[in-house]
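Trainee: Predicted structure and sequence below. I'll ask about it afterward.
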Amino acid sequence: MSILDKILGKDETPRDTPAKPDMAMGKVLDTLAGLGGKPIETLTAQEARLQPTPTDAVKKILREAVKDENPSMGIQTRDITIDGAAGPLQARVYSPDPDSDDLKPLVVYFHGGGFVIADLDVYDGGPRGVSRFADVVVLSVHYRQAPENKFPAAHEDAVAAWKWAVANAQSIGGDPRRIAVMGESAGGNLAINVSIAARDQGLQAPMHQVLVYPLVGTDLDNESYRENATAKPLNKPMIEWFVKQTFADLSDLIDPRVNVVGNADLRGLPSSTVITAEIDPLRTEGEKLAELLEAAGVDTRSKTFNGSTHEFFGMGLVVPDAAVAQQFAAHELKRAFGTAILPI
């Protein structure tokens, strides 16, 4: 067994049978399979970025369904560029009421993709749903990706994006006094690292952080990795491929920005919402993160959605549990921002 195999947790132990997706989630997975994508781990990064995505599957289902619901959810968007750590970054502003003079709370959002693939279009459903249900402006930020830009390029861009958002919130309709941070998957890693950097660098702290199936550990042989080693749309071979693409040296895996649940100091972080999916290799580390945040004295609420897979959060128009997850996140954001309607 090679050193890489040991670090990545490879062994010959038979894997458990993964849980079954619920009906709506299963339809998305079947539709995705029908789009004919190739295994990501067999491709170059450039080829992988051109593969069909779960978002493509959702769009196909919506095209074929007879629905009166507006896919935009009444949210208007505009694309802008902001300052990154090494140059301009693409970003997208989601607003429920762009013509209003009233400033709304702002959520800075980072998409997933293992630090290698995906973009603002692939991860459109999550920020759109949160903007709608939480009545907030969302700034969705792209960042430099590997292998062209190795770790910690994305993390440096995320902190730079946070600084830009704090300084320029009003220009996009956001209240600079009420800003939170959020991310899915690799973006969840970036989000919590923004909170840590804000604490350590004396920056304005997020009022809340929403971490959706965050990539926050390096143990690729824990319970959920064993259960979901061959799951779709994320599995163990894909994670191993992301690792090889992202890190110039495997010693980077001990960095607290990467192994958050193993090496990061979580004290003094903002109130947190952690959302995980049952059929996801990242479930165990996400659940562990919620436990560690609570143990560190952080006000934390968490929920694992059974029958759902990685990437489900942005599928609210076709997967009922995704809409529930978006509303859960929205409620916790409203609670942090002080905009939740309290019962009389």
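Mentor: Great, that's in hand.

Trainee: Tell me who's in contact with the residue nearest to Asp79 when sequence neighbours are not counted.
Mentor: Once flanking residues are discounted, Asp79 sits nearest to Arg92: 5.3 Å by C-beta to C-beta, 6 or more residues apart in numbering. Yep, even glycine has a C-beta here, placed from its N, CA and C like the rest. Applying C-beta atoms under 8 Å, 6 or more residues apart in numbering, we find Arg92 in contact with Thr77, Arg78, Asp79, Ile80, Leu120, Asp124, Pro127, Leu139, Ser140.

Trainee: let's see it at 7 Å
Mentor: Residues in contact with Arg92, defined by C-beta atoms under 7 Å, 6 or more residues apart in numbering, are Thr77, Asp79, Leu120, Ser140.

Trainee: would you say the second one is within a helix?
Mentor: It refers to Asp79. No: per DSSP: H, G, I helix; E, B strand; the rest coil, Asp79 lies outside any helix segment and is strand.

Trainee: Give me the pLDDT value at it.
Mentor: If you check Asp79, the pLDDT there is 98.

Trainee: ok, how many other residues are close to it?
Mentor: Asp79 has 11 neighbours, counted by other C-beta atoms under 10 Å.

Trainee: again, but for the last one
Mentor: Counted with other C-beta under 10 Å, the neighbours of Ser140 add up to 29.

Trainee: Report pLDDT for Pro18.
Mentor: Looking at Pro18, its pLDDT stands at 65.

Trainee: try Glu69
Mentor: Note for Glu69: predicted pLDDT of 62.

Trainee: And for Ser2?
Mentor: On pLDDT, Ser2 comes in at 38.

Trainee: what does Pro14 give?
Mentor: The per-residue pLDDT reported for Pro14 equals 40.

Trainee: returning to what we had before: check which helix or strand covers the residue nearest to Asp79.
Mentor: strand 88-95 (DSSP states H and E).

Trainee: who does that strand pair up with?
Mentor: Applying DSSP bridges to the sheet, strand 88-95 is found paired with strand 76-83 (antiparallel), strand 137-141 (antiparallel).

Trainee: Kindly reformat the contacts of Arg92 as a markdown table containing distance to His331.
Mentor: Supplementary listing: those in a markdown table, determined by distance: C-beta to C-beta, whole Å:
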| residue | distance to His331 |
| --- | --- |
| Thr77 | 23 |
| Asp79 | 28 |
| Leu120 | 25 |
| Ser140 | 20 |
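
Trainee: Of the residues you listed, which is the nearest to Gly173?
Mentor: When the contacts of Arg92 are compared for distance to Gly173 (C-beta to C-beta), Thr77 wins out at 12.1 Å.

Trainee: what's across from the closest one in the sheet?
Mentor: Beta-bridge pairing of Thr77 under DSSP bridges involves Tyr94.

Trainee: list the contacts for it?
Mentor: Arg92, Val93, Tyr94.

Trainee: separation between it and Thr246?
Mentor: When C-beta to C-beta, to the nearest Å is applied, the distance between Thr77 and Thr246 equals 28 Å.

Trainee: and what of Gly174?
Mentor: From Gly174 over to Thr246 (counting by C-beta to C-beta), the distance is 30 Å.

Trainee: Tabulate the contacts of Thr77 (a markdown table), appending distance to Thr42.
Mentor: A markdown table is the format used below for those (distance: C-beta to C-beta, whole Å):
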| residue | distance to Thr42 |
| --- | --- |
| Arg92 | 31 |
| Val93 | 36 |
| Tyr94 | 35 |
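
Trainee: Thr300 and Glu291 touch, don't they?
Mentor: No: using C-beta atoms under 7 Å, Thr300 is not in contact with Glu291, being 8.5 Å away.

Trainee: In three-state terms, how would Arg177 be classified?
Mentor: Per three-state DSSP, Arg177 ends up strand.

Trainee: Tell me how many other residues crowd it.
Mentor: Around Arg177 there are 13 residues (other C-beta under 10 Å).

Trainee: Please name the residues that touch the residue nearest to Thr53 when sequence neighbours are not counted.
Mentor: Excluding the flanking residues, the one nearest Thr53 by C-beta to C-beta, 6+ apart is Val122, at 5.0 Å. By C-beta under 7 Å, 6+ apart, the contact set of Val122 is Thr53, Thr55, His111.
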